[in-house]
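J.: turn this into a model:
(chains A and B)
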Amino acid sequence: MVEFAGYSMPIQYESIIAEHKAVRSSVGMFDVSHMGEVIIEGEHALDFVQKITTNDASTLFPGRIQYSAMCYDDGGIVDDLLVYKLDPKKFMLVINASNIEKDLEWMRAHNTEGVTINDKSDEYSLIAIQGPYSQKVVEAVFGISLDIEYYHFIYGKFHSEEVMISRTGYTGEHGYELYFKGDEDFACALWEELTKEGKEYLLKPCGLGARDSLRLEMGFCLYGNDIDQTTNPLEAGLGWITKMKKESFIGKEAIARAKEEGIKRKLTPLLCIGKSFPRPGYEVMSGDKTVGKLTSGTVSPILEQGICLAYISTESLASGEPLEMVVRGNRIPVEVTKAPFIKK
Amino acid sequence: MNIPAELKYSKDHEWVRTEGNFAFFGITDYAQGELGDVVYVDITKSVGDSLQAGENFGTIEAVKTVSELYAPCSCKIIEISSDLADSPEFINQDPYGKGWMVKVELTNPAELDSLLDAAAYGDMVGA
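T.: Below you'll find the predicted structure:
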């Protein structure tokens, strides 16, 4: 168990690799109740969400979810988040546990639309069920047949309490995230029921370790590693959630300026050649020049090869010169590739 | 936690199994548990190299973290386990058996006396 954002959480239950493989081949279950949930409500809720996030929330309708980011005026990232449209005038923002206070402060400081901003992080629990058999397990527990598109949600009932069933996740697999408000007994009952129904599919409980290696295999960013207040969405490869055609949002001018001046570095997926374990902080060199630094790294349990994300200077990327990472003084060749690292 | 009585232990969580003047080194059950899945073992010394007690002879890369290997006793390396390259998981599965790393000739066997016995090592790791 480790302390993470004030929560005591397991890095692994049994083995990070075994848990990782369970999610890829059958089904895995994660307690991710540490995530933050903030409810935005009011006549001008959409205007507020549009202003503080980079993606276009006007395309959402109740039941639809969107991946987005909040930026500072200078284009640095406050947090990445999921935006749930609950009702025409009500949204739920799902934010990173370690950023809850900072995000709330940022939202409240920019609330000129008079919306209500309610932090429900302590009320909501969140269980993620991920993997090819996740649908069977969730259907069995809720006694309904699920036909939800990716990034959509519906409501189900467990012990006559409402549970939001969201077709989302951080693994790249078909999966669901279950949001609910019940107390500890209710959370344990649901966890146990999922365990029971998952047994025939070899469901494994999974810790933070597998969560990290699964997201990295997909090339998903982790706040605090790959993105933070010093990185803008364009260099982080999040241009697809940064809608420059949107009339305005906080950070837009700075991001437009950065784009015009040309992006200087880019978050780049790298594959290690030969046996080596890439870790955050390792330098990337091209000849005798340092051209970047790893922000995330692991050995992919599926590829059995080192995979990592690194900010690399665009000048070096354009030159196509061979890159090496420095591991305890040794140079290890790395190859620029495209995310996801595993093709599905 | 498995701490075999017949082995000696270092404070760096390595075990030593002696066979006459020869010995085998590996890491303890406690250490493998703390490291989690071992992915690579990189022995940076070669057969024939001499090591002083406490000298670094390689690294273990686990999913969670990287850990250095230190010789528990002064020695000369006789053999490096050929299983480590293809089956690093032996260190997790069988740390005192198939998970052995190097076979050595002890060059100062008296050093064995300053290592921990199973009871003292168990106390150290709270077993």
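J.: low-scoring stretches of chain B, by residue?
T.: Applying pLDDT under 70 to chain B picks out no residues at all.
J.: for chain A, what is the nearest residue in it?
T.: Nearest to chain A, among the residues of chain B, is B:Glu61, at 3.8 Å (CB to the nearest CB). For glycine as for every other residue, the C-beta is placed from the backbone atoms N, C-alpha and C.
J.: buried sites along the helix or strand A:Ala22 falls within?
T.: With elements taken from DSSP states H and E, the one containing A:Ala22 is helix A:16-25. For helix A:16-25, the neighbour count (16 or more other CB atoms under 10 Å in any protein chain shown) marks A:Ile16, A:Ile17, A:Ala18, A:Glu19, A:His20, A:Lys21, A:Ala22, A:Val23, A:Arg24 as buried.
J.: can you check stretch A:239-255 too?
T.: Per 16+ other CB under 10 Å, stretch A:239-255 contains these buried residues: A:Gly239, A:Ile241, A:Thr242, A:Lys243, A:Lys246, A:Phe249, A:Ile250, A:Gly251, A:Lys252, A:Ala254, A:Ile255.
J.: what residues are up against the closest residue to the fourth one other than its chain neighbours?
T.: Going back to what we said before, that points to A:Lys243. Among residues not flanking A:Lys243 along the chain, A:Asp56 sits closest, at 4.5 Å (CB to CB, 6 or more residues apart in numbering or on different chains). Residues near A:Asp56 by CB atoms under 8 Å, 6 or more residues apart in numbering or on different chains: A:Gln50, A:Lys243, A:Lys245, A:Lys246.
J.: widest-spaced pair of those?
T.: Farthest-apart pair in the contacts of A:Asp56 is A:Gln50 and A:Lys245; separation 12.3 Å (CB to CB).
J.: which SSE is the closest residue to chain B within the stretch 151-300 of chain A in?
T.: Using CB to the nearest CB, the closest approach of the stretch 151-300 of chain A to chain B is made by A:Phe277 at 3.8 Å. In the assignment (DSSP H and E), A:Phe277 maps to no helix and no strand.
J.: and it, how many neighbours?
T.: Neighbour count of A:Phe277, defined by other CB atoms under 10 Å in any protein chain shown: 23.
J.: per-residue confidence for it?
T.: Per-residue pLDDT puts A:Phe277 at 95.
J.: for it, which non-adjacent residue is closest in space?
T.: Here the residue nearest A:Phe277, using CB to CB, 6+ apart, is B:Glu61, at 3.8 Å.
J.: okay, and the beta partners of that neighbour?
T.: B:Tyr40, B:Val66 (DSSP bridges).
J.: thinking again about what came up before, residues contacting the residue of chain B closest to chain A?
T.: A:Phe277, A:Val299, B:Val38, B:Val39, B:Tyr40, B:Val41, B:Asp42.
J.: and the helices in the stretch 201-344 of chain A, which stretches?
T.: With DSSP state H, counting those that start in this stretch as the criterion, the stretch 201-344 of chain A has helices at A:208-218, A:252-261, A:314-319.
J.: and those as a markdown table, adding distance to chain B and mean pLDDT?
T.: Listed next are those as a markdown table, based on distance: least, CB to the nearest CB, whole Å; pLDDT from 0 to 100:
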| stretch | distance to chain B | mean pLDDT |
| --- | --- | --- |
| helix A:208-218 | 6 | 97 |
| helix A:252-261 | 35 | 97 |
| helix A:314-319 | 26 | 97 |
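J.: among the ones you listed, which is the most enclosed?
T.: Greatest average neighbour count among the helices of the stretch 201-344 of chain A goes to helix A:208-218 (a mean of 24), per mean count of other CB atoms under 10 Å in any protein chain shown.
J.: what lies in contact with it?
T.: A:2, A:4, A:9-12, A:16, A:19-20, A:23-24, A:28, A:30, A:32, A:130, A:170-173, A:222, A:296-298, A:300-303, A:307-309, A:339-342, B:36, B:63-64.
J.: return a PyMOL selection command for the buried portion of these.
T.: A single PyMOL command selects the buried members of those (16+ other CB under 10 Å):
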select buried, (chain A and resi 9+10+11+12+16+19+20+23+24+28+30+32+130+170+171+172+173+222+296+297+298+300+301+302+307+308+309+339+341+342) or (chain B and resi 36+63+64)
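J.: keep only those of the contacts of helix A:208-218 that are in strands.
T.: Those of these mapping onto strands are A:2, A:4, A:9, A:28, A:30, A:130, A:296-298, A:300, A:307-309, per DSSP state E.
J.: what is the least confident helix or strand in chain A?
T.: Using mean pLDDT, DSSP states H and E, strand A:2-4 stands out as the lowest-scoring helix or strand of chain A, at a mean of 82.
J.: the closest residue to A:Tyr7 other than its chain neighbours: neighbour count?
T.: For A:Tyr7, ignoring the flanking residues on the chain, the nearest one in space by CB to CB, 6+ apart is A:His34 at 4.2 Å. Residues near A:His34, counting by other CB under 10 Å, number 19.
J.: specify the beta-bridge partners of the residue nearest to A:Arg279 when sequence neighbours are not counted.
T.: Leaving out its chain neighbours, the residue that sits closest to A:Arg279 by CB to CB, 6+ apart is A:Gly297, at 5.1 Å. Beta-bridge pairing of A:Gly297 under DSSP bridges involves A:Cys308.
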